[in-house]
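S.K.: Fold the following for me, if possible:
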Amino acid sequence: MWLTIFWRPRTIWLPLVLGFFICGPLTVSSFAAGKQIGFIDIQKAVSSTKEWKTSFNKFKLEFTKEKKRINAREKKIKKMLEELNKQSFVLDPELKRKKEDRLRKEKIAFERYVQDQNAEFSKKEKEMTQKILRKMMDVIKKIGKEKSYTMILEQKVVLYHDKGNDLTKIATRTYDRTNK
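M.R.: Residues are numbered from 1 along each chain as shown. As a prediction, this is how the structure comes out:
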């Protein structure tokens with residue numbers, strides 16, 4: 001009895017598996033006949049657009065300014081630490097404790113500020129990318145319809161494809177024309 005329960009599922013699966021291996025390639029080849037499949041590197045397409053380059057340059061400029069402010073605050077904290085270390089032997093214990101507390105609070109505030117700024121810049125970059133990506137998806141759909149593609153796939157998920165079906169540059173040019 002144990003043997004028959006164990007064996008039954010195998011007898012059901014064996015024809016299915018064999019059928020897949022025998023008929024599977026026939027199905028794929030019949031699907032591919034007359035169908036057009038395109039490929040796109042979506043990250044490259046988005047980052048090659050004029051809008052992305054302009055937005056990213058503004059973003060980078062803002063980031064550089066913020067980085068300078070952060071460096072200035074960091075130098076201020078280092079200077080406070082150096083002064084405290086130099087004066088620590090001659091300072092009154094109460095005054096030393098107050099300066100150490102002030103330094104600790106300044107350091108904590110600085111670390112929070114840096115974390116907040118990192119989160120803010122990350123959010124801005126994501127929003128900027130999502131905005132352009134949404135528009136790019138519309139462009140890709142338009143290209144697919146106009147050129148009668150059955151499907152357009154992301155290059156990164158495909159092991160091999162014919163470079164003749166790469167739509168990355170076409171998508172970027174089309175995006176730039178439609179989003180001036």
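
S.K.: Strands of this structure, start to end?
M.R.: Along the chain, counting by DSSP state E, strands occupy 37-40, 151-154.

S.K.: Show me what counts as buried in the first one.
M.R.: By neighbour count on 16 or more other Cβ atoms under 10 Å, the buried set for strand 37-40 is Gly38, Phe39, Ile40. C-beta: built from backbone N, CA, C; applies to glycine.

S.K.: With the last one instead?
M.R.: Using 16+ other Cβ under 10 Å as the test for burial, strand 151-154 gives Ile152.

S.K.: Partner strands of that strand, with direction?
M.R.: Strand 151-154 sits in its sheet next to strand 37-40 (parallel), going by DSSP bridges.

S.K.: Can you give the distance of the strand it pairs with from its chain's centre?
M.R.: Put simply, strand 37-40 sits 20 Å off its chain's centre (Cα atoms, centre = their mean, to the nearest Å).

S.K.: Which residues does that strand contact?
M.R.: Outside strand 37-40, the residues that touch it by Cβ atoms under 8 Å, 6 or more residues apart in numbering are 140, 143-144, 147, 149-155, 158, 161, 165-168, 171.

S.K.: same question for that strand, mean pLDDT?
M.R.: Taken as a whole, strand 37-40 has an average pLDDT of 92.

S.K.: now stretch 50-58
M.R.: The average pLDDT for stretch 50-58 rounds to 95.

S.K.: Give the buried residues for that stretch.
M.R.: Glu51, Trp52, Ser55, Phe56.

S.K.: Likewise for stretch 83-103?
M.R.: Buried residues in stretch 83-103, counting neighbours by 16+ other Cβ under 10 Å, are found at Lys99.

S.K.: ok, now stretch 164-179?
M.R.: Within stretch 164-179, the residues that count as buried by 16+ other Cβ under 10 Å are Asp166, Leu167, Thr168, Ile170, Ala171, Thr172, Thr174, Tyr175.

S.K.: and what of stretch 127-134?
M.R.: Met128, Thr129, Ile132.

S.K.: Need the residues that contact that stretch.
M.R.: So stretch 127-134 is contacted by Ile42, Val46, Thr49, Glu51, Trp52, Ser55, Phe56, Phe59 (Cβ under 8 Å, 6+ apart).

S.K.: The last one: neighbour count?
M.R.: Spelled out, that is Phe59. Using other Cβ atoms under 10 Å, the number of residues around Phe59 comes to 15.

S.K.: ok, now which ones touch it?
M.R.: Neighbour list for Phe59: Phe121, Lys124, Glu125, Met128 [criterion: Cβ under 8 Å, 6+ apart].

S.K.: With respect to Met80, which of the residues you listed is nearest?
M.R.: Phe121 (26.2 Å; Cβ to Cβ).
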